[in-house]
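return a 3D structure for these sequence lines:
(2 chains)
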Amino acid sequence: MDKTYQPQDIERTWYEKWEKSSYFAPSGQGEAYSIMIPPPNVTGSLHMGHAFQDTIMDCLIRHQRMLGKNTLWQAGTDHAGIATQMLVERKLAAEEGKTRHDLGREAFIDKIWEWKEESGGTITRQLRRMGASIDWTRERFTMDEGFYKAVQEVFIRLYDDKLIYRGKRLVNWDCKLHTAISDLEVENKDQSGHLWHFRYPLADGMKTAEGKDYIVVATTRPETMLGDTAVAVNPTDTRYSSLQGQFVELPLVGRRIPIIADDYVDAEFGSGCVKITPAHDFNDYEVGKRHQLPMINILDPNGAILTRAEVYNSDGSVNGDLDDRLPESYHLLDRFEARKRIVEEFDQLGLLEKIDDHALKVPYGDRSGVVIEPLLTDQWFVAVADLAKPAIEAVEQGDIQFVPKQYENMYFSWMRDLQDWCISRQLWWGHRIPAWYDDSGNVYVARTEAEAREKYQLGHDLPLTQDNDVLDTWFSSALWTFGTLGWPEKTPELETFHPSSVLVTGFDIIFFWVARMIMFTLKFTDQVPFKKVYVHGLVRDQEGQKMSKSKGNVLDPLDLIDGIELETLVEKRTGNMMQPQLAKKIEAQTRKHFPEGIAPYGTDALRFTFLSLASTGRDIKFDMNRMEGYRNFCNKLWNATRYVLMNTENQDCGTQDEPVELSLADRWIISRLQETEAQIAKHFEEYRFDLLSNALYEFVWNEYCDWYLELSKPVLWDEHASAERLRGTRRTLVRVLEAILRLAHPMMPYITEEIWQKVGPLAGKTGDTLMLQPYPIAEPHKIDSQANSDIEWLKGVMLAIRNIRGEMNIGPGKAISVLLRNTDAEDERRLIATESLLVKLAKLDSIERLATDADAPMSATGLVGAMEILVPMAGLIDKDAELARLNKEVDKLNKEIERLAGKLSNEGFVSKAPAEVVAKEKEKLADMQAACSRLSEQKASIEAM
RNA sequence: GGGCGAAUAGCUCAGUUGGGAGAGCACCUGCCUUACAAGCAGGGGGUCGGGGGUUCGAACCCCUCUUCGCCCA
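Okay, the predicted model is just below:
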């Protein structure tokens, strides 16, 4: 083996071997355990969030596989409607100078498929590098034929059950992409804008309480006034009580609109009057519905002013009564141009009261980057009220449990205030809505046109055209757990692996995905989609910022695995940017954070880092220093193995269960292994990957390496040791290491597999791969509390001696003599058991006992319980150094004694605290007082010399 | 404005019915000791965001304020 751990040498070959050997596929034996990957975007590449999430899933699935479950981890990608369409459109424009309209719908979709075949697999290749033990033979894509069948089936059944309807509703409209988009795709940005205060003249000669012939409304979007259909005030606002039910004359358009009263209006804000534009604002839309106001749409799909407004009644039906004319000078004027012009015109008319600066949130499309307009359009909706009820109950009753539990509140709060879900998108790429229309606009929903004719008994000559829209990608994602297992067919996979065991996901998509999966899955399978939802935090950069391409702080997980030169990293981060003006800043930032580029850390170190960061918090700040620490941990494990192999290969390790004699150290490390196994099992149970990885780290480094390997040396290097004793130690060395490898495998699959190939056989294990070995389970009868306390005592003695060496500057090479005083029977017993170990590990010339009252030569002193450890100072140290050291100790003890004495002299504590707590404190105080007086005596005697 | 979350060592974070403040990294000192300098040994460092309350006892429970983050209006 190399002297240092070199991850790049071992990773690739193992993954290929595992995959080729079908180790990832379900075993077909045992209880089923399944995880469905949250499908990443087919256009995407692996980012830190994926890598984090996939590490957790892989850790879970490998653990369950080793526990003997019939495990399925199924992966796939979603078709990402907008993202994919845009990507291929850009490519088409760049390469052929064409738009999708030049090609037509079918040819364009063919182009997308071509692109998908060539480039769609990036992320799955990257997943392999992460070591993800996915059953690739069952990889799914939301646009697969079989999956489309499930999507259609769900749509048709929901429609037939009246849970899907089509209607004219207000949606988030992207004026550049010409489609409705979901709330998830809208990014609200803080911006400083203005609040324009307009005077609206009162009709019919009415006057306000103050005698004015107008009222003032304030708006952040003046252009929408062309579509106003009311002015609202708070019903309790006495300033306007006489005006409720009266009318204003809407300037520029001359429309007569009512003054209504509604609680929605905040009397304290502005003038207390609000203009109501139901067709262009979500709040106004609700107000309009409450008051049966007409809705007047003034914008076209580009966000320009229409030549004629579209007027609807509050139920969405066409209103032919109201005047639909718009001022001619605004026709086809862009919304922002119109805004300017309207403000000017109000000013000229003397109707502009004032302009205030105003901070507001402006919605932007996250793909297009343009301001989103609420727009009245014909869209398909899912009526979610009936679906939500069982979905809420499933969580209330515990059929689905969130981990951590607090996220259930987040889920409930959203589910109890649910809006109907707009599922149609005006795109070409996606699942086309299975609905047909005749010339008079009647809707027929069926799988095919032929089926529609049959189902609705339509004549062959009735012309039908299919709906042009496609479904929201989340609509298909909501079927992911059962749609990918073959539903609506009753497949064996569906029978075995549904419901899935756990969903691993970020809290940011609880609403958009998790909740919808629960609703749809319950509706169509009468099963929950998953029994648990493990919700993890979001990965952020070292400054706590969200990682995003425009901020230039993204890290590619593969660069952390393979390493990357600084210049390449800078180029990667600043090349091909949406906002090139940020490049300089990003370059500087990158050079500051990664002055040397990034070293190759390997997959296992990256995975271990993710796991150790997976606590219950919402933010995960990724810290390169921690990853370096865990790379070092891999190296530690590597080198511990080298030591074990050097001392066991081609030697008698008791593989055939020959008789052995186990030393105290052997019994101790076996005992601690059981405790560690129990701890790890508990942490797995509770999804505490941070505590889990920490428990492993602690055991491997601080116990196995720091103590057990050292304690094994005196045995293995002892020429007089018996065969049983040598065998016992060798067997323990390899067996414990082999157990460590199995314990660690779900976290660090590569290094453990590589090492296990050598260590496994020495521990008597057979099998081609560590992956399929049984996971270690604690055996409580092997917990040896006496061995534990004896070794703790030994550590105490070692620590006392090392402390004296360290502080007295006695080099590690220099052997010293030790005197022991005030030993009790237990100390004596332990001394006999460990003397040879102490002599070798602490590098001692001799250990001698002194009678309890005997005088000692001038010595440095340490305490283990009541036992004094004296290191004679002759020729070694100066008096002052030892006195300083003792003073420090005595001061520390005195502080603690003062605190405890105070506590125990408190009447309240002694009478009210539990008796065992009081007894413990008393004992502690007595021990410390004893220790303090011993050290003080020692101080006095040194001073006297 | 409403809701949620966070604030513990220089940094990143643990801290499980309330009972002696921890880890890793960084720092200081000494060591190339035959597994490992990506290491070993020893050491220093915290008013647990501020204030108030409950309690014999609070990092932990309650109230309040401050700062930061996210979601919603």
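
secondary structure element for A:Thr481?
For A:Thr481, the element it lies in under DSSP states H and E is helix A:480-483.

helix or strand right after that helix?
helix A:492-497.

so how far is that following helix from its chain's centroid?
Centre-to-centre, helix A:492-497 and its host chain are 28 Å apart (C-alpha atoms, centre = their mean, to the nearest Å).

and for that helix, what are the contacting residues?
With C-beta atoms under 8 Å, 6 or more residues apart in numbering as the test, helix A:492-497 has contacts from A:Pro26, A:Ala32, A:Ser34, A:Asn70, A:Leu72, A:Gln74, A:Arg138, A:Phe482, A:Leu485, A:Gly486, A:Trp487. No exception for glycine: its C-beta is placed from N, CA and C like everyone else's.

I'd like those written out as a markdown table, with pLDDT added.
As requested, these are exported to a markdown table (pLDDT from 0 to 100):
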| residue | pLDDT |
| --- | --- |
| A:Pro26 | 95 |
| A:Ala32 | 95 |
| A:Ser34 | 95 |
| A:Asn70 | 96 |
| A:Leu72 | 96 |
| A:Gln74 | 93 |
| A:Arg138 | 92 |
| A:Phe482 | 93 |
| A:Leu485 | 92 |
| A:Gly486 | 89 |
| A:Trp487 | 87 |
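
quick one on the thing from earlier: the helix holding A:Thr481 packs against which elements?
Using 3 or more C-beta pairs under 8 Å, 6 or more residues apart in numbering; DSSP states H and E, the elements in contact with helix A:480-483 are helix A:145-160, helix A:516-525.

what lies in contact with that helix?
A:36, A:39, A:76, A:142, A:147, A:150-151, A:476, A:494, A:498-500, A:517, A:521, A:524-525, A:527, A:529-530.

can you do 6 Å?
A:Met36, A:Phe147, A:Ala150, A:His498, A:Ser500, A:Thr521, A:Thr525, A:Pro529 (C-beta atoms under 6 Å, 6 or more residues apart in numbering).

next one: stretch A:88-107
A:Phe108, A:Lys111, A:Ile112, A:Trp115, A:Trp428.

of these, closest to A:Val734?
A:Trp115 (52.4 Å; C-beta to C-beta).

now do the closest one against RNA strand B, distance only.
According to C-beta to the nearest atom of the strand, to the nearest Å, A:Trp115 stands 30 Å off from RNA strand B.

ok, now A:Gly902?
A:Gly902 is 10 Å from RNA strand B, by C-beta to the nearest atom of the strand.

what does A:Lys116 give?
Distance from A:Lys116 to RNA strand B, by C-beta to the nearest atom of the strand: 30 Å.

could you find the closest non-adjacent residue to that residue?
A:Val42 (6.3 Å; C-beta to C-beta, 6 or more residues apart in numbering).

you'd agree that neighbour is up against A:Gly76?
No. If you go by C-beta atoms under 6 Å, A:Val42 and A:Gly76 don't touch, sitting 9.2 Å apart.

quick one: which of the two has more around it?
Shown here are A:Val42 and A:Gly76; by other C-beta atoms under 10 Å, A:Val42 has more neighbours (25 against 21).

now do the strands in the stretch 551-700 of chain A.
Shown for the stretch 551-700 of chain A, the strands assigned by DSSP state E, counting those that start in this stretch span residues A:619-621.

so where's it uncertain?
A:578 (pLDDT under 70).

what parts of it come near RNA strand B?
Proximity of the stretch 551-700 of chain A to RNA strand B, by C-beta under 7 Å from any atom of the strand, involves residues A:613, A:615-621, A:623, A:625-626, A:628-629, A:631-632, A:634-636, A:639-640, A:642-643, A:646, A:686, A:688, A:690-691, A:694, A:698.

out of those, which are buried?
A:Leu613, A:Ile620, A:Arg631, A:Cys634, A:Asn635, A:Lys636, A:Asn639, A:Ala640, A:Tyr643, A:Arg688, A:Asp690, A:Leu691 (16 or more other C-beta atoms under 10 Å).

who's in contact with A:Asp78?
A:Asp78 sits next to A:Pro39, A:Thr142, A:Thr473, A:Ser477 when contact means C-beta under 6 Å, 6+ apart.

residues near the second one, how many?
Spelled out, that is A:Thr142. Number of residues near A:Thr142 (other C-beta under 10 Å) recorded here: 26.

equivalent analysis for the last one, please.
A:Ser477 has 21 neighbours, counted by other C-beta under 10 Å.

so which other helices or strands are in contact with the longest strand along chain A?
In chain A, assigned by DSSP state E, the strand with the most residues is strand A:186-201. Applying 3 or more C-beta pairs under 6 Å, 6 or more residues apart in numbering; DSSP states H and E, one finds that strand A:186-201 makes contact with strand A:214-219, strand A:352-365.

buried residues in the shortest one?
By neighbour count with 16+ other C-beta under 10 Å, strand A:214-219 contains the buried residues A:Tyr214, A:Ile215, A:Val216, A:Val217, A:Ala218, A:Thr219.

now mean pLDDT and distance to RNA strand B too, for the helices and strands packed on strand A:186-201, in TSV please.
Compiled in TSV, the helices and strands packed on strand A:186-201 are given as follows (pLDDT from 0 to 100; distance: least, C-beta to the nearest atom of the strand, whole Å):
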stretch	mean pLDDT	distance to RNA strand B
strand A:214-219	88	15
strand A:352-365	82	5
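
which one of the ones you listed is the most hemmed in?
strand A:214-219 (a mean of 21; mean count of other C-beta atoms under 10 Å).

on that earlier part again, just flag the most distant two among the buried ones among the residues of the stretch 551-700 of chain A next to RNA strand B.
A:Ile620 and A:Tyr643 (34.6 Å).

quick one on the thing from earlier: same question for the helix holding A:Thr481: list its buried residues.
Neighbour-count burial for helix A:480-483 flags A:Trp480, A:Thr481, A:Phe482, A:Gly483 (criterion: 16+ other C-beta under 10 Å).

now swap in stretch A:493-500 and tell me
A:Glu493, A:Leu494, A:Phe497, A:His498, A:Pro499, A:Ser500.

next one: stretch A:167-187
Those would be A:168-175, A:177, A:179-182, A:185, for stretch A:167-187 by 16+ other C-beta under 10 Å.

so A:Leu306 touches A:Ile296, yeah?
No. The pair A:Leu306 / A:Ile296 is not scored as a contact, 9.9 Å apart, by C-beta under 6 Å.

more neighbours, these two?
A side-by-side neighbour count of A:Leu306 and A:Ile296, using other C-beta under 10 Å, places A:Ile296 first with 29 against 18.

contacts only, for the more buried one.
A:Gly227, A:Thr229, A:Ala279, A:Ala309, A:Val311.

same thing but 10 Å
By C-beta atoms under 10 Å, 6 or more residues apart in numbering, the contact set of A:Ile296 is A:224, A:226-229, A:253, A:255, A:257, A:277-280, A:288, A:306, A:309-312, A:319, A:322-324, A:326, A:376.

of these, which belong to helices?
A:Gly288 (DSSP state H).

now the contacts of A:Ile296: which count as buried?
A:224, A:226-229, A:253, A:255, A:257, A:277-280, A:288, A:306, A:309-312, A:319, A:324, A:326, A:376.

number of nearby residues for A:Leu919?
One correction, residue A:919 is Ala, not Leu. Neighbour count of A:Ala919, defined by other C-beta under 10 Å: 10.
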